[in-house]
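In: sequence and predicted structure below; questions after.
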Amino acid sequence: MENVKNKTERVRERPVRVNEVMKITGYTRSYIYKLVCWKKIPCHKPTNGTLFFFETEIIDFLSRGRQAANYELEEKADSVLNGEH
């Protein structure tokens, strides 16, 4: 059900072009096109070939690459070693 809700919200969201994705991510145009080619970044390309994105999908994409901080890793290790996992 949540997936349907997300799709409905996305329909109301304004699509953005590569220039806006460059501002959001800080990536160069060339790197964004490489990510598209490698199918690493979510994008939409209707039949006319215009490439566009949804800002929420770009934010989600950026969030997936989060690395845990040292203190988070230490806490996790402590909980595993103490049998609290």
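Out: Alright, I've got the coordinates. Numbers count the residues shown, from 1 in each chain.

In: list the residues that contact residue 45.
Out: When contacts are counted by Cβ atoms under 8 Å, 6 or more residues apart in numbering, residue 45 touches 51, 52. Every residue, glycine included, has its C-beta placed from N, CA and C.

In: next up, phi/psi of it, please.
Out: phi -140, psi 90 (degrees, to the nearest 10).

In: per-residue pLDDT of it, please?
Out: For residue 45, the pLDDT comes out at 91.

In: quick one: it from residue 16, how far?
Out: 14 Å (Cβ to Cβ, to the nearest Å).

In: and for the two, which residues touch both?
Out: With Cβ under 8 Å, 6+ apart, residue 45 and residue 16 have common neighbours residue 52.

In: now the strands for the protein?
Out: 15-16, 53-54 (DSSP state E).

In: now the ones you listed in a markdown table, with mean neighbour count, distance to residue 63 and mean pLDDT?
Out: Shown next, in a markdown table, are the strands of the chain (neighbours: other Cβ atoms under 10 Å; distance: least, Cβ to Cβ, whole Å; pLDDT from 0 to 100):
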| stretch | mean neighbour count | distance to residue 63 | mean pLDDT |
| --- | --- | --- | --- |
| strand 15-16 | 16 | 17 | 95 |
| strand 53-54 | 20 | 14 | 96 |
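
In: quick check: buried residues in stretch 26-33?
Out: 27, 32 (16 or more other Cβ atoms under 10 Å).

In: give me the contacts around it.
Out: Contacts of stretch 26-33 (Cβ under 8 Å, 6+ apart): 18, 19, 21, 22, 25, 35, 41.

In: how does it look with 10 Å?
Out: For stretch 26-33, the external contacting residues (Cβ atoms under 10 Å, 6 or more residues apart in numbering) are 18-19, 21-22, 25, 34-35, 41, 43, 51, 53, 58, 62.

In: list the contacts for the closest residue to residue 55 other than its chain neighbours?
Out: Distances taken as Cβ to Cβ, 6 or more residues apart in numbering place residue 16 nearest to residue 55, at 5.7 Å, with adjacent residues excluded. Applying Cβ under 10 Å, 6+ apart, we find residue 16 in contact with 22, 23, 24, 52, 53, 54, 55, 57, 58.

In: thank you, goodbye.
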